[in-house]
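> Requesting a structural model of the entry that follows:
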Amino acid sequence: MSSVNPLFKLFVALQVWLYETSKGRFGSTLGGQRLILLTTKGRKSGRERTVPVMKYLDGDDMYVIASLAGAPKHPAWFHNLKADPAVRVRYGAETFSARAKIVEDPAERERLWNAIVAAMPRFGEYQKKTTRVIPVVKLTRQERRPPPR
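Reported below is the predicted structural model:
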């Protein structure tokens, strides 16, 4: 049984639909921050799951933060990408395949975390609400392969 509020699930589904159908013209911001759509493969169901998440850009690198607004547990999408790091990202009108990798190096995570909190202070508030360390995940775009000949 899911503990997620059904109204919240409806809001997320509506936001994903709006983002997808408008190719990111609508539904692509929350609280003044740009969102991406992150599609993971359900670790139990095997079905694709798409959620809007805030992204952080560090040069050409893209990161997502598994905060779940400071909840005591990691979001489902984080568990999904741990099980299968092949993900799909929609960033505005662009969609691409990516590989997710949890930032595990403590110094690198701290550098990124400080920059993330400086850019989006709500993540600092989320960390104060929970005892878990909120994961930072790097999304690396997969190279485009030429079509087979």
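
> Let me see the ranges of the helices in the protein.
Listed in chain order, the helices found in the chain under DSSP state H are 6-21, 76-83, 106-119, 122-129.

> Of the ones you listed, which stretch is the most buried?
Ranked by mean neighbour count under mean count of other C-beta atoms under 10 Å, these are led by helix 76-83, which reaches a mean of 20. Quick note: C-beta positions are derived from backbone N, CA and C, even for glycine.

> Kindly state which of the helices of the chain is positioned closest to residue 60.
Shortest separation from residue 60 across the helices of the chain is recorded for helix 106-119, at 14.2 Å, computed as C-beta to C-beta.

> in the chain, which ranges drop under the pLDDT threshold?
Applying pLDDT under 70 to the chain picks out residues 1-4, 143-149.

> Surely residue 120 touches residue 56?
Yes. Counting by C-beta atoms under 8 Å, residue 120 sits close enough to residue 56 to count as a contact (7.2 Å).

> Of the helices of the chain, which is nearest residue 46?
Closest approach to residue 46 among the helices of the chain (C-beta to C-beta): helix 76-83, 10.2 Å.

> Dump the closest one to CSV, restricted to CA.
In CSV, the C-alpha atoms belonging to helix 76-83 read as follows (Å, rounded to 0.1, in the frame of the first residue of the first chain):
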residue,chain,number,x,y,z
ALA,A,76,11.1,5.9,-5.1
TRP,A,77,12.9,7.2,-8.2
PHE,A,78,16.2,7.1,-6.3
HIS,A,79,15.7,3.4,-5.5
ASN,A,80,14.8,2.8,-9.1
LEU,A,81,17.9,4.4,-10.5
LYS,A,82,20.1,2.5,-8.0
ALA,A,83,18.7,-0.7,-9.4
